[in-house]
Structures are given as structure tokens and as C-alpha cells.
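>>> could you look at this predicted model? Sequence included:
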Amino acid sequence: MGHVEVGHLTYVLPDGRPLLDDVSFRVGEGVKAALVGPNGAGKTTLMRLISGDLQPVEGSVASSGGLGVMRQFIGSIRDGRTLHDLLLSVAPRPVRQAAEKLEAAELVMMEREDEKAQMRYAQAISDYGDAGGYEIEVLWDTCTMAALGVPYDRCKYREVNTLSGGEQKRLVLEALLRGPDQTLLLDEPDNYLDVPGKIWLEQALRETPKTVLLVSHDRQLLANAADRVVTVESGNVWIHGGGFATYAQARKDRNERLDELRRRWDEEHAKLKRLVVMLGQKAKYMDTMAAAYHSAQTRLRRFEEAGPPEAPPRDQNINMRLRGGRTAKRAVICESLELTGLMKPFDLEIWYGERVAVLGSNGSGKSHFLRLISGDEKVRHTGVARLGARVVPGHFAQTHARPELLGRTPCEIVMTEHARLRNEAMKALSRYELAGDVGDQRFETLSGGQQARLQILLLELSGTTLLLLDEPTDNLDLASAEALQDGLNAFDGTVVSVTHDRWFAEDFDRYLVFGSDGRVYESSEPVWDETRVVRKR
């Protein structure tokens, strides 16, 4: 069994801004703890501090039982890494180190086969076996069969970018949950998973004896799998010992207590200052009051040195003004459309003003469908997919893959792409909680939720009349997700969204289901696994 303990952790961002201040908490053996908080509050940074990817300014981190880590980028890998590389990246440290030495020895053997190279290679093979490398490959065979239906030996050299985001996530989760590490750090493990995958994850988390600290914004998954809630807000951390079902009320009660404590402190502070002033005036004329005056000054100084109690966190105020505009009655027309190798031909009409949710399992072609409608000519297809008159598509990418935004700040992006003055750009960014210091950070340094909110703002400013949203709530915190739903309700246009968010999907008019058998059909209710309808409780 394992545990995680964080003691008095302080972390300052590279630009000098404090992010975490004197953070302490413990996740005990076998506990399933959810790490929640606003986008940009420091959840991923805290996970990286615990994993050792970052070093704190002060404080300590301790863990036991071996530490298995799923980092946030899993699901959006688009480079040339193989499945072997991916599985090795989440293997125990001794296996990773032995594998690196083995790979280096193999490279030497490719260049020369002298006795020294052969001895080095033989030793590397022995060390890899001693570290448990061959045993873990047997485990990986079980994982690839469970996640992909293919033995490890047949897929280990397959490039990761040929897998969907959900397949990448499922494979790594299988490896971590089945692996030897007894403490798991999971950063957004449910992103890219379809609903059956999320239900599998919920059950796996409930059943595993391992200690788990996970970051997620899926309310239903948190309610079903987490028995502790660790909240990061305003640089501090607090823990709710109950499950997620009682978390909202617990947070409200806590903030009210903090408000009351701060009110009492302010009252006492004002009282002490008045006392010092009064005694100071009397001491000018009465020598007998000097001692009382100095005593009051000491009390005030000590009171101020102790400082006020923790201030309640400020609630987010996100105001998305998605406007849209009038278009032709038929916004999207598909005739005998088939995405090559993914589905059977289908016909579809989406009318102006409709909200259509696109549902289906991972790899069924949902994201390709949105890309095709958005105008991506690289999507192979037959048949017709066209837009009606005055329809201006705007695409929200699930992976946030926007290379044109790298190295630029939100303020620069809004100013250059939408001809805004700096004060106008900051005013727009402030409605999305992206102003201030965040507005001057580079795009790639923003949290996943902040990147998502910026994408939505760019859609707002672009004048789009057809929103094509690919998993828009994946990285959004609770307040941001609710703001997006409010924004879509007020949007004067058409919305087509791929989603696996069971709560978000309830707001849509129609459901386009990409079936596992290649059929594309409509439903009046959300269909998650094609055998039952999941309703929001």
C-alpha cells in the first residue's frame, strides 16, 4: 500500500508569481482523492511537484509504495513515439533506467560487434531482466489486449499517434492500474475516454486497493469514484473528508466560516487601533496612562504580526458572449457521406439554431466529422458535406493543437487576430478570467482549462455562426463549464458538439450517434453504449 504526504510546500512560477503557499495535506493508504480547483490554480503543477518533475522553493514531498504517474499530455501525443515508448514511460523507474541502458547497448551493437560491445549488451540484457523488464512485458501484453485487442508483440512498434486519444488513455490506465506501483497520480485520466470507458474507470478506481490522487472535471466520475476532495484555491489547499456529493455544500459552509472569521478579525483590529489612538491621546496629558498606551501598542503589533485569517477564495465570474448570426435554414447538409474506413454512408440535415450532440465510442470518426465540416480538406471521405448560406464555421479542437498560437500571449493573440487595442483585448479577456498576469503568459504555459477558454473567446470574436466543438468541457472547471452552457443557450446560431460529458449532453436537442457497427443514426436521447440510455439523475 502507498501514500502521499505534502508538507509546507511553496512554489513560485518562473516569472516570479507565487502559485502555491505553504501547502500541506496527506492522502492515506487506499484513499481515492480528487484534486479540484479553478483552471490555473495549480493542480497540474502540484501533481508535477509530487511526481518530482518540478522542485519546490520550500517544503517536502513524500510517498511510498512506488509512484505511477499519468501526465496531462496523454491522449494528445502526435509525435513518433511507439507504444513500447509510451508503456515504458509509465513503468517503474528501475525498468525505465535498465531499458535506456539496453537501448544504448543495442545501438552500439548495430555499429560494431566487438567483444566489448557484446559484453556490454549481455550485461544490459541481464540488468533489464533483473529490473523486471521481461515480467512487465508480460503485463503489457495483458494491457494491450484489454485496451486494443492486440498482443503486445504485434503492436509494440506501432506509433502512438495512430491511436485515438481515448485509446492512449485506456492503454496507460491499464498499465498503471495493473502495474506494481501502489500510489498513482492521474492527471485528467478521463479526458478522451468515451462514456463506457469512464464507467470502466470509475469501477476500476473503486476496486483497486491502490492509493490514487486524480485531477478531473467530470462531476459524475468524481461523485462515483472519489472519497476525498482536495481543493486548490488562491494558493492554498483544503480537504473535504466526504465524497463529491457533499462537496458543494461543504465549500459553501467553509467560505461562510472564513467570511465570519475575517469579519471578526477586522472588527478586533479596528477596536485595537481605536484603543491605541485613545490611550495615546490620554498619555499626552496623563503620565499614568503611558504604561497602558505602550501595552496597547504591543497588543496591536502582535495582532498584526499574527496576520488575518485565510480569506475566502473569490468566485470566478466568467461571461461568455457567443453571439452568432442568422444563416440559411439548413446549416449543414450531408448526402451519402462516408468517412473512409470509419462509417457507412449517411444523410443528415442540421437546421439553423439546433443543438446537436455527436456521441459514440472512441475512434468512430466523430472528430474527423467535425474537422470535415469545418473545412479540413485532409479528411478522406466520399459523398457530400456542405454548409448553408452565411454559415461561418468555428472549430474548437479537442487537443488544443494550435501551433500558430505558440509563443504568443492571449493579449497578443486577441490584438493581432481581431484588430483590438490592448485595453479592448484585456477587457474581452477579463470576461473569460484571462486578464491580468494570465493575459501576458505564453499560450503553451496556460493550463488546459485556460487554453480552452481562450479558444472559446476566439470563436466569440471571429463571428462564427456554426460552433463545432470537440469535447469542449474536457479541461474546463465547474464554473467554466456552466458559463459555457449559459453562453451556448444565448448563442444565436447552430451548435454541433462531440461530447462524452453526461451532464453537458442533456442540454442538446438532438443526438447523432456514431455506432460501433459503422452506422450513423439519430436519437432523441443520449445513447452512450448503444444498449441503454443514461439519464441525468
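Cool, the structure landed.
>>> centroid-nearest residue for the protein?
In the chain, the C-alpha nearest the mean C-alpha coordinate belongs to N475, at 4.1 Å (Cα atoms, centre = their mean).
>>> out of everything not next to it in sequence, what's closest to that one?
If you skip the residues right next to it in sequence, N475 has G448 as its closest partner in space, 3.5 Å away by Cβ to Cβ, 6 or more residues apart in numbering. In short, each C-beta sits where N, CA and C put it, glycine included.
>>> ok, that neighbour touching Q72?
Yes. The pair G448 and Q72 passes the contact test of Cβ atoms under 8 Å, sitting 6.5 Å apart.
>>> pick out whichever of the two has more residues nearby.
Neighbours per residue, other Cβ atoms under 10 Å: of G448 and Q72, the larger number sits with G448, 23 against 19.
>>> so that one versus L434, what's the distance?
As judged by Cβ to Cβ, to the nearest Å, G448 and L434 stand 13 Å apart.
>>> same check on Y521?
Distance, Y521 to L434, by Cβ to Cβ: 39 Å.
>>> A225 now?
Counting by Cβ to Cβ, the separation of A225 from L434 is 31 Å.
>>> thinking again about what came up before, between G448 and Q72, which contacts overlap?
Between them, G448 and Q72 share these contacting residues under Cβ atoms under 8 Å, 6 or more residues apart in numbering: 44, 188.
>>> now the residue nearest to the centre of the chain, what's its secondary structure?
Using DSSP: H, G, I helix; E, B strand; the rest coil, the three-state assignment for N475 comes out as coil.
>>> shift numbering so it begins at 649
Got it, first residue is 649 now, which makes that one N1123.
>>> now it, what are its backbone angles?
The phi/psi pair for N1123 (degrees, to the nearest 10) reads phi -110, psi 0.
>>> mind naming the longest helix for this structure?
The residue-count maximum for a helix in the chain (DSSP state H) belongs to helix 895-931.
>>> following that one, which helix or strand comes up?
Once helix 895-931 ends, the next helix or strand along the chain (criterion: DSSP states H and E) is helix 938-954.
>>> quick one: list the elements packing against that next one.
Contacts of helix 938-954 with other secondary structure elements, assessed using 3 or more Cβ pairs under 8 Å, 6 or more residues apart in numbering; DSSP states H and E, are made with helix 895-931.
>>> which strands and helices lie in contact with the helix it packs on?
Under the contact criterion of 3+ Cβ pairs under 8 Å, 6+ apart, helix 895-931 touches strand 876-881, strand 884-888, helix 938-954.
>>> which neighbouring elements make contact with the shortest one?
Using 3+ Cβ pairs under 8 Å, 6+ apart as the contact definition, the elements that strand 884-888 packs against are strand 666-675, strand 876-881, helix 895-931.
>>> recalculate using a threshold of 10 Å.
In terms of contacts (3 or more Cβ pairs under 10 Å, 6 or more residues apart in numbering; DSSP states H and E), strand 884-888 is packed against strand 666-675, strand 680-684, strand 876-881, helix 895-931.
>>> quick check: buried residues in that strand?
Buried residues in strand 884-888, counting neighbours by 16 or more other Cβ atoms under 10 Å, are found at 884-886, 888.
>>> roughly how far does Y659 sit from S984?
The value you get for Y659 to S984, if Cβ to Cβ is used, is 56 Å.
>>> which one of these two is surrounded by more residues?
Y659 (21 against 11).
>>> and for the spatially closest residue to that one that is not a sequence neighbour, the neighbour number?
Counting by Cβ to Cβ, 6+ apart, the nearest residue to Y659 once its immediate chain neighbours are dropped is L668, at 4.4 Å. Applying other Cβ under 10 Å, we find 24 other residues in the vicinity of L668.
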